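Participant: Following is a predicted model, sequence given first.
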Amino acid sequence: MKWIKRIFVGLIIIVFAALLHYFLPSRDIVQIVGTDVKRMDIGNSPWWDKPDAGTQKQSTRDVRFINAVWPDGKARVYRNEDTNWSFPPYFKFDSGDLSARAQSLANKNGGEVWVAVSHYGWRIKLLSMFPNAYKIRPISGPDVRLVPWFNIAFLSLLAFIFISIWQMWRNFKRKRIDPIAEKIEDVAESAEAGLKQKTGVVRGVFRRWFGTTKGK
């Protein structure tokens with residue numbers, strides 16, 4: 001049973017870590033080469049966010065995209081969707097403004113401007129998944145070091161909360177549950193000892209009444 005418990009706990013940790021990796025902010029250093037708007041069949045897919053603020057939710061709608069390239073020249077595509085007031089709580093309402101800023105940076109200095117694109121999500125071509133960009137800012141070059149201060153603070157706080165809850169549970173278990181478990185174990189042992197004693201008495205009575213026979 002221990003290995004089943006370990007597998008179950010391991011799966012929970014993997015799923016939780018994957019969710020954190022998907023929803024926590026990340027930043028890429030890229031060059032923007034243009035923007036695009038495509039008619040996408042959204043349906044009930046969980047990989048898409050909300051339509052622009054003030055518009056109705058539809059199964060098929062226009063989605064803004066931001067096209068970029070990595071320092072090695074490989075393509076990088078972001079979707080540009082509002083999150084509004086829903087989850088994840090990025091409170092993004094300015095997808096139109098972000099698209100205009102991306103176009104401006106793509107045309108500036110012949111598209112040689114390096115930018116840091118803040119986003120969340122994954123790029124999985126097989127599932128038509130795109131990371132959602134929510135902020136763009138120019139930087140000096142592709143060698144700039146970006147420190148994820150928010151992620152460091154958030155994960156530190158999360159670890160502190162988890163350790164605190166774990167410690168509280170251990171103290172509660174030691175003070176409340178363990179004494180009860182020990183009492184139950186003592187009662188069970190006493191009952192077992194009493195049963196053995198009564199069984200011995202009954203056997204003694206039968207021996208006195210009927211005698212015993214030993215095989216030879």
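Facilitator: Alright, I've got the coordinates.
Participant: what mean pLDDT does stretch 60-80 have?
Facilitator: Computed over stretch 60-80, the mean pLDDT rounds to 94.
Participant: residues in contact with it?
Facilitator: 28-42, 48-49, 51, 55, 81, 95-96, 98-99, 102, 115, 117, 119, 123, 130-133, 136, 142 (C-beta atoms under 8 Å, 6 or more residues apart in numbering). Just so you know, the C-beta spots here come from the backbone N, C-alpha and C atoms, and that holds for glycine as well.
Participant: Can I get the buried part of those residues as one ChimeraX selection?
Facilitator: In ChimeraX, this line selects whichever of the contacts of stretch 60-80 come out buried by 16 or more other C-beta atoms under 10 Å:
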select :28,29,30,31,32,35,40,42,48,49,51,81,95,98,99,102,115,117,119,130,131,132,133,136
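Participant: Can you give me the domain assignment for this structure?
Facilitator: Domain segmentation of the chain under automatic domain parsing yields 19-145, 147-201.
Participant: distance between the ends of the first one?
Facilitator: One end of domain 19-145 sits 25 Å from the other (C-alpha to C-alpha, to the nearest Å).
Participant: how close does residue 117 get to residue 39?
Facilitator: 24 Å (C-beta to C-beta, to the nearest Å).
Participant: Lowest average confidence across the domains of the chain, which one?
Facilitator: domain 147-201 (a mean of 83).
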